[in-house]
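> Mind looking at a prediction? Sequence and model below.
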Amino acid sequence: MRNENCDCTAHWLLFSLFLVLLGSSARGQSKPEAGWPNYGGDAGGTRYSGAAQIDRSNVAQLKVAWTTRTGAFPHDAELDHKAAFEATPILIDGKLFLSTPYDHVIALNAETGAKLWDFDPKLELPYGASEVTSRGVAAWREPRAKEGQPCALRIFIGTLDARLIALDGATGKPCAEFGTVGEVDLTTGVRLRDPGDYQVTSAPVIVKDLVITGSSEGDNRAVSVERGIIRAFDVRSGALRWTWDPIAPWAYETIPRTGAGNAWSTLSVDAERDLVFIPTGSASPDYYGGIRKGDNKWANSVVALRASTGKFLWGFQVVHHDLWDYDVASQPALFAWKDGTPAIAITTKMGRVFILNRLTGVPLLPVEERPVLKSDIPGEESWPTQPASTISVVPEKLTIEDAWGKDEQERQWCAEKIKAARSGDIYTPPSLQGTLVFPSNVGGVNWGSAAYDAQRHLLFMNTNRLPIFVKLIPQAELAEARKNQTDSDRLHGEFARQTGAPFAMFRTPLLSPSGLPCNAPPWGTVAAVDLFSGKKVWDVPLGSWIPGMNTGTVTLGGPMVTGGGLVFTAAAMDNYLRAFDSDSGKQLWKYELPAGGQATPMTYTLKGKQYLVIAAGGHGKLGTKQGDYVLAFTLPQ
């Protein structure tokens, strides 16, 4: 009905003027630019960015904005064979900071990719070094700094020769007041056994005025290896503030004394609640536990510590008495549960995802202790049960019926190999006849961790489905077993002495004569899980080993997710960076990188433009193409 008393024309003009003014005000208040200040995006490791300029409608238009070469190769022929460019840059003050496989720290102009400075730590790295990689750096800003003060912004890196170094973010020069001329010796107090097998490969974390780091240790060398301690240092002086040993005190009482339980992956931080979350590995050695009897707490766990003091608050063990190299390789992801409860998601090599109350460690989705097979190795007392979650993203069983080959002859060859080994359900213990470990020590989910979109309550992760053959060897028979076996490539075969244990170990992927895995594809995927329901939403192959087929490949590297409804990941062995629709898993874009993309991408906005950045340098042990590239992508103008 028309209102005869209304001067509608006048009201419409006023309303139109209001809309114009509102639009002008909105344009004047530009959206804050999205950053990436931590290795995992935020301190809680969600690998999420609200940047939404690049979205489903335009991602296929992405173009290379700039490419930078780090100069990391060549370095040393033997060490280069192990090198992996696994870094994710962080963004601070319009600069990207990242690390190379040899621990060079580099600052780049985030708009152009121009190199601003390069710090060389001059590593003392023996040929026997376990790893040649660095996943990233951490940053801290002095809140009391005066303008132009040196080291007002500090960049921290842990090195392959076990140093913690603080650098001036403006110049790349060491901060002289930190430790001794800018560095702290991390070998102090760890009972160093083998130089080159005690390293730092993941970025440290910052909590207020503390820098906290774990360590990476070479696997399966011996029972008595380095202590896997976590340490916090004063960010200004480098003074040691606290130490926590994941497997104390029980490990001190074993004969010989066991070690490790170390945190080699990235820690997560809830600074508001003064919490740091520690993902731990197995006690040494991985494949024989007859000396380390019991459940081995707090190895193979995620543990919450009071960040300011190192006080133990709670722990959740994902594997009891590990015999499969099922260390917690992923950074825990911190998020809010459906009722607002602070929560934590733990992704594992077994493909099981555990959702806990972040403050108490109590499961928010059910966890059941289920009986598992008993070990038949003399002296081994395997744990009778293992925790099972309601979320599992990879198969947990491998039988003769699961044998696969590119033709019937290969399928039969694989079936015979499975038949000859001890195999079946997950947690089948290592044996003298040889056991098929599935999922394997590669994953499930490895160090690439997971990305979380709070709007969709979806957790995204790259997965692996590769069986590993593990055989225990009496020490007296090791020399004979090693004859004519010199290849230590992890995708072929690896002997380990496990000194101090009665058994050495051999492990190798179960591959057919053509080099393809003996289980059916997909061999690697990117998957999405609804954390509130515990249901898998989608799961699609990532990469391909067979032209024209979506087989998936082994993946090392992680996903990230954006406000534009996109999941970006590389990680597969075909060298492509891909974008997927976060709701459906549909692939929307891919780009062939100049070298392997065994890293996790990141994104940010700068001067109103969104950039997507990834390190492309390959992985020596995995056999992908190596290089020293950092690439940035944007939408065309």
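Noted; the coordinates are in hand.
> switch to C-alpha atoms for all contacts and neighbour counts from now on
Noted.
> pLDDT weak spots in the protein?
1-31, 484-492 (pLDDT under 70).
> Give me the contacts around stretch 181-189.
The set of residues that contact stretch 181-189 without belonging to it, under CA atoms under 8 Å, 6 or more residues apart in numbering, is Ala162, Arg163, Leu164, Ile165, Ala166, Leu167, Pro174, Cys175, Ala176, Phe178, Tyr198, Gly238.
> Would you mind giving the secondary structure of Gln412?
helix (DSSP: H, G, I helix; E, B strand; the rest coil).
> err, Ala476, not the other one
Following three-state DSSP, the label given to Ala476 is helix.
> neighbours around the closest residue to Thr562 other than its chain neighbours, how many?
Distances taken as CA to CA, 6 or more residues apart in numbering place Ser49 nearest to Thr562, at 4.7 Å, with adjacent residues excluded. Ser49 has 23 neighbours, counted by other CA atoms under 10 Å.
> Ser49 and Gln610 touch, don't they?
No. Using CA atoms under 8 Å, Ser49 makes no contact with Gln610, being 10.7 Å away.
> gap between Phe156 and Gly136?
Distance, Phe156 to Gly136, using CA to CA, to the nearest Å: 9 Å.
> cool, and Leu516?
32 Å.
> okay, those two: which has more neighbours?
Just comparing Leu516 and Gly136: by other CA under 10 Å the higher neighbour count belongs to Gly136, 29 against 21.
> Help me confirm that the more buried one comes into contact with Thr159.
No. With contact defined as CA under 8 Å, Gly136 does not reach Thr159; the gap is 10.3 Å.
> residues in contact with the most centrally placed residue in the chain?
Centroid-nearest residue in the chain: Trp447, 2.3 Å away (criterion: CA atoms, centre = their mean). Shown in contact with Trp447 (CA under 8 Å, 6+ apart): Ser265, Ala329, Ser330, Gln331, Leu556, Gly557, Gly558.
> Same check on Val393?
Per CA under 8 Å, 6+ apart, neighbours of Val393: Gly351, Arg352, Val353, Gly444, Thr463, Ala527, Lys536.
> Near the fourth one, how many other residues are there?
This points to Gly444. The number of residues near Gly444, taken as other CA under 10 Å, comes to 30.
> Check the fifth one too.
Thr463 is flanked by 37 other residues according to other CA under 10 Å.
> Renumber starting at 541 from here on
Fine by me, first position is 541 from now on; the one you just mentioned is Thr1003.
> where does it land in three-state SS?
For Thr1003, the assignment made with three-state DSSP gives strand.
> Over to the last one?
The three-state assignment at Lys1076 reads strand, by three-state DSSP.
> Go ahead and confirm it touches Val1069.
Yes. Lys1076 is within contact range of Val1069, at 4.3 Å (criterion: CA under 8 Å).
> Of those two, which one has the most company?
More neighbours surround Val1069 than the other of Lys1076 and Val1069, with 22 against 17 (other CA under 10 Å).
> how about the more buried one, what does it touch?
Val1069 is in contact with Leu998, Leu999, Phe1000, Lys1075, Lys1076, Val1077, Trp1078, counting by CA under 8 Å, 6+ apart.
> now the residues you listed: which count as buried?
Leu998, Leu999, Phe1000, Lys1076, Val1077, Trp1078 (16 or more other CA atoms under 10 Å).
> need the contact list for the fourth one.
Just to be clear, that refers to Lys1076. Going by CA under 8 Å, 6+ apart, Lys1076 touches Ile931, Val933, Ala1067, Ala1068, Val1069, Asp1070.
> which one of those residues sits closest to Ile1008?
Closest to Ile1008 out of the contacts of Lys1076 is Val933 (18.1 Å), distances taken as CA to CA.
> can you tell me how far the closest one sits from Gly901?
From Val933 across to Gly901, the span is 22 Å (CA to CA).
> likewise Lys957?
41 Å.
> cool, Gly988 as well?
Distance from Gly988 to Gly901, by CA to CA: 23 Å.
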